[in-house]
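# I'd like to go over a predicted model; first the sequence, then the structure.
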Amino acid sequence: MSGTRPKTFLSGAGLVWKWQRLVWWIFAVTLIFGFLSTQGMVDRAADTLNHSLASKRLVDGWDVSAVVELMQLQNNPIEFQGPAVIHFSIVFAVFMLFLTGGILTTYLRDEKPRTSPFFEACGQYFWRFLRLLIYFAIVLLPIAGICAGVGALYDKIEADSISPFPAVYFFVAAAVVILLLLAIVRMWFDMAEVIAVADDERRMHKALRRAARVLWHNFFSLLWLYVSIAIVGLVLFLVGLGLWMTFLSPQSNILAFLLSQLMILAWIGTRLWQRASEVLWYREYAQTSVREPVWTPSPTLVTQSVATDPES
Amino acid sequence: MQLARVLAISTIGLLFCAPGYAQTAMKKAEAKPAAEAGDAVKKPLSTRVVAYEIDAKLDPSKHTIAATETLTYRNLTGKPQQTFPFHLYLNAFQPQSTLMTEVRLAGTRGTGPDSEWDPKHYGSINVDKFEVEGMGDLTGKMEFIQPDDHNANDHTVFQVTLPQPIAPGASVTFHMTFHDQLPKVVERTGYAHDFDMVGQWFPKVGVWWKDAWNCHQFHATTEFFADFGTFDVRITLPQNEIVGAGGDLISSVNNPDGTKTVTFHSEDVHDFSWTASPSFAVVEDSWTGSQGPVKIHLLMSPGNMPSAPRYIKALKGTLRLFDQWYGPYPYDRITVVDPPHGGSDAGGMEYPTLITAGTAWWMPDGLLAPEVVTEHEFGHQYWYGMVATNEFEEAWLDEGINSYTEVKVMDALYGKETSVMNFPFAHMGETELQRVSYLGEPDMDPISRFAWQFIGSNSYGGITYGKTATMLITLEKLIGEDTLRNALHTYFMRYRFTHPTGEDFLKTVEEMSGKDLRWYFNQAVYGTNVLDYEVGDAHSDPLNWWEKHSQFGEDKDKNEVYRTYVTLQRKGDFIFPVDLQVKFDDGYTATEHWDGQDRWVRYHYDRKAKIVSAQIDPQNQITMDRDLFNNSYVKKSNAFALYKLRNMWLFASEWLSQLLAWLT
């Protein structure tokens, strides 16, 4: 039914910009969690680094051997706090799952998110989205199987060819396909969430079925919407990384911090942009689509005289 | 600079055209005997103990070699010899061999402990017939021996007792028929696709050394040891194969059956290896040193051609500096083999006048792996090739000294801070590379230990390569860089084409420096001592602390006198003299020298100034120090490095959060 809607792309961004406080909230929580998860390293490394002239090796450039050397010290003061980071990442993921209902409600209603209604919406949809998450994990299983198959095939191609390139080309092609598959699955579940909020659908399997139907009939326009926003996000990320690694002077700590956080902010923004665009798309879709009538009109014979206007 | 850029681009363009060009060049070279090889009856550079003549036929589809070998051995041992041991290295690639057992236990080059070995990695060498001229067929007299570990399943060494002894000064000629099954490339040798790297492939006699036969089994961490001599090798293989070998090409004759026979001659070397692949692209170049021109023969694998100029540049730079610093390169050729994709385990290996390098299609310019490996393997032409030390028993003499000269050469060619990695956002130098390699397991084994007796491959690598290099860099502090360079030059010139020992090297260093360095060598070479000094405490205290105006935290009175204490601690068991530099806030700098004998020492200074910093080894010469971060203390805290680290860790953890959140 609905064709490509270029306006949705821009108006989605407009919606994110309009209710940008959502982006800032999420960013603030990310930052706080990030600080908390790295605090252990900071506490331990401070004793080793802050009063040592050897730490200059990390200040005036980035001497990789200094990092390796620190990791080889008995107390490994800069050890990446894996458990802490994973713990906070999981908490953040749950937090985002919780927020999703409020975010979608805000975008659907296009009104200023006030605390009580926002969190009411968060709570209202949380359990539904948790059920969706379980479905999502089930759907990811075949994709994991595809990944394993691709891995095995990659190994075989690599082993069979004297040139490294056939395996590389295969890997790139397979990666594109898998990423597209993941994008499609994410788009499908995002749509199910939108339907759950927009139509107050309580049965998630039904929301998924409806989302699949919508997706099936509007596949390319929706996919392009998602992929184009993802490309914007990726480009922003790569530009940021390039700036950080190439142009920033080794002593630019503050600039590096600002740039890295800008990259995270942009990433959050583009993800919400996808959600907002999909909400707008669905709103328009719901308004313009012709619903099947629930009753069948019976033919009625009407006799009437029609006046003919010669001017018309 | 612009000219250099244009030249570089032109060179790359030429190199991309090289496959076609190179085939022609190769054919021309094969059509007529090499002039250098044909002319001369030159004075031997070495005492030639062995003369090998091998006639081999390669079956590239099965990766097998059928060969006959005639070995003439001159008995220069000064004693009658009746029993002769021989290496059969390829038999190491069998499931119950000593090498495999050790790999399963502790891992080795590119293979972790408990690795499952694909049967394709099995290789073997069988001697079908063993005759001795004038004594008949002695095949039945061959017996496998296991001098190192008595593993009856290890068939990497056999010996034969002759019916009668060979008198001192006399020669004996052995005739052998043998066949090889090459493994899928593993431990430097074997095949990958259509590439065959044929190393340690023929029965090789042991070395009479220190009044006994030295013929060790092939171990996971050991390399090789052999006598100097001559090699005349004929190889028959399909005509489309491009061959590289550690010898001069004498002739190439096409046979009616679609094969060709290439003949190589090499002298004053102790090994002969070769490689063949129809997929090689050949790049020819040359370099002229103090002994005349050296032909560079580079065999590039598909996909790796962009690395060819990097190999050439590194090789020429290394040739130049070795010639200038350590001694002349006396051979007229060097072959560099770039193993193909899937054959990287054949890379990073040295044979006389032939080395294998290693790169990848994606290798960025800022990662100097092709340069490092080229430099390192070429360095072995000196430290192993000519100074032919026993790699089984004293691996540090080739790998360690070679790692030290790798530091010196790479630093000179590519910059001290950037000789391993040179990106805008990160860098790494060779000194640090060797140091961190050593720091992985610094105290499990002494440098001087036999190579197969290390606790594991990590300790072997870290100690043999990294610790030796780091030990020699630290030695520069004691005797000076130039003196050590002179010592290496003397050692090379004195011991080239011989089999010196570790003591020969250490005594040369002592002789050239005019110093007794036993106290250092006993700890660094023969011991497992770890060097670690620390600034334990450094602070300034008002001398008249009881007076009211001298309370802590108040601004310094110009007339206030402070007593500054600096305490140094020796945390490790390695005793080494150290310098201390103490800086004050009035600009004054005090320097001290501590012999390091005691566990700690405390210095104090009474000045109208407070301490700014205290630093052990201000010249950063004691690279053996395990922890450089505790070598200094700066009074004023500076969290810049910490925040930089935190920035990265913070970004990584936030990024992970976003990825997980994507799932919801």
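Good, I have the coordinates.

# give me the phi and psi for the closest residue to chain B within the stretch 1-150 of chain A.
At 3.2 Å from chain B, A:Ser65 is the closest residue in the stretch 1-150 of chain A, using Cβ to the nearest Cβ. In this view, the C-beta of every residue, glycine as well, is placed from N, C-alpha and C. Main-chain torsions, A:Ser65, degrees, to the nearest 10: phi -70, psi -30.

# next one: B:Trp213
According to degrees, to the nearest 10, B:Trp213 has phi -70, psi 130.

# next, the contact list for B:Val535, please.
Residues near B:Val535 by Cβ atoms under 8 Å, 6 or more residues apart in numbering or on different chains: B:Val566, B:Thr567, B:Leu568, B:Gln569, B:Ala614, B:Gln615, B:Ile616, B:Asn630, B:Asn631, B:Ser632, B:Tyr633.

# just confirm the third one is within a helix.
Same thing as B:Leu568. No - the assignment for B:Leu568 (DSSP: H, G, I helix; E, B strand; the rest coil) gives strand, which keeps it out of a helix.

# quick check: nearest residue in space to it, chain neighbours excluded?
Nearest non-adjacent residue to B:Leu568, counting by Cβ to Cβ, 6 or more residues apart in numbering or on different chains: B:Val601, 5.2 Å away.

# now the helix or strand encompassing that neighbour: buried residues?
Element membership for B:Val601 (DSSP states H and E) is strand B:600-607. Buried residues in strand B:600-607, defined by neighbour count with 16 or more other Cβ atoms under 10 Å in any protein chain shown: B:Val601, B:Tyr603, B:Tyr605, B:Arg607.

# mind putting the contacts of B:Val535 in TSV, neighbour count and pLDDT included?
Listed next are those as TSV, based on neighbours: other Cβ atoms under 10 Å in any protein chain shown; pLDDT from 0 to 100:
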residue	neighbour count	pLDDT
B:Val566	26	97
B:Thr567	17	97
B:Leu568	24	97
B:Gln569	18	97
B:Ala614	29	97
B:Gln615	22	97
B:Ile616	25	97
B:Asn630	22	95
B:Asn631	24	96
B:Ser632	23	97
B:Tyr633	23	96
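
# chain A: which of these is nearest?
Among those, and counting by Cβ to the nearest Cβ, the member closest to chain A is B:Ser632, at 3.9 Å.

# so what's the residue count around the residue in the stretch 201-312 of chain A that chain B sits nearest to?
Using Cβ to the nearest Cβ, A:Met245 is the residue of the stretch 201-312 of chain A that sits closest to chain B, at 3.9 Å. Neighbourhood size, A:Met245 [other Cβ atoms under 10 Å in any protein chain shown]: 14.

# look up how far B:Trp655 lies from it.
Taking Cβ to Cβ, to the nearest Å as the measure, A:Met245 falls 15 Å from B:Trp655.

# one more: A:Ala137?
22 Å.

# out of the two, which sits in the busier spot?
Shown here are A:Ala137 and B:Trp655; by other Cβ under 10 Å, B:Trp655 has more neighbours (18 against 11).

# got the contact list for the more buried one?
A:Ile264, A:Trp267.

# quick check, it in a helix?
Yes - counting by three-state DSSP, one finds B:Trp655 located in a helix.

# show me what the worst-scoring helix or strand of chain A on mean pLDDT packs onto, helices and strands only.
Ranked by mean pLDDT, DSSP states H and E, the helix or strand of chain A with the weakest confidence is helix A:6-18, at a mean of 86. Secondary-structure packing of helix A:6-18 (3 or more Cβ pairs under 8 Å, 6 or more residues apart in numbering or on different chains; DSSP states H and E): helix A:219-242, helix A:253-288.

# sec struct for A:Leu132, please.
Reduced to three states by three-state DSSP, A:Leu132 is helix.

# how about it, nearest residue that isn't a chain neighbour?
A:Met204 (5.2 Å).

# the closest residue to A:Met263 other than its chain neighbours and B:Leu645, how far apart?
Nearest residue to A:Met263, sequence neighbours excluded (Cβ to Cβ, 6+ apart): A:Gly240, at 3.9 Å. Noted for A:Gly240: a distance of 19 Å to B:Leu645, by Cβ to Cβ.

# and the two? which has more neighbours close in?
B:Leu645 (23 against 19).

# hang on, that one packs against A:Glu79?
No - B:Leu645 is beyond contact range of A:Glu79, at 11.1 Å (criterion: Cβ atoms under 8 Å).

# joint contacts of these two?
Common neighbours of B:Leu645 and A:Glu79 (Cβ under 8 Å, 6+ apart) are A:Met41.

# sorry, back to before: ok, now which ones touch the residue nearest to B:Leu568?
B:Thr567, B:Leu568, B:Trp594.

# redo that, cut-off 10 Å
B:Gly536, B:Val566, B:Thr567, B:Leu568, B:Gln569, B:Arg570, B:Val578, B:Leu580, B:Glu592, B:Trp594, B:Asp595 (Cβ atoms under 10 Å, 6 or more residues apart in numbering or on different chains).

# before we move on, what about B:Lys120?
Residues in contact with B:Lys120 (Cβ under 10 Å, 6+ apart) are A:Ala159, B:His63, B:Pro183, B:Lys184, B:Val185, B:Val186, B:Gly190, B:Tyr191.

# so the fourth one makes contact with B:Gly123?
Right, the one you point to is B:Lys184. Yes - in this structure, B:Lys184 is within contact of B:Gly123 by Cβ atoms under 10 Å, at 8.4 Å.
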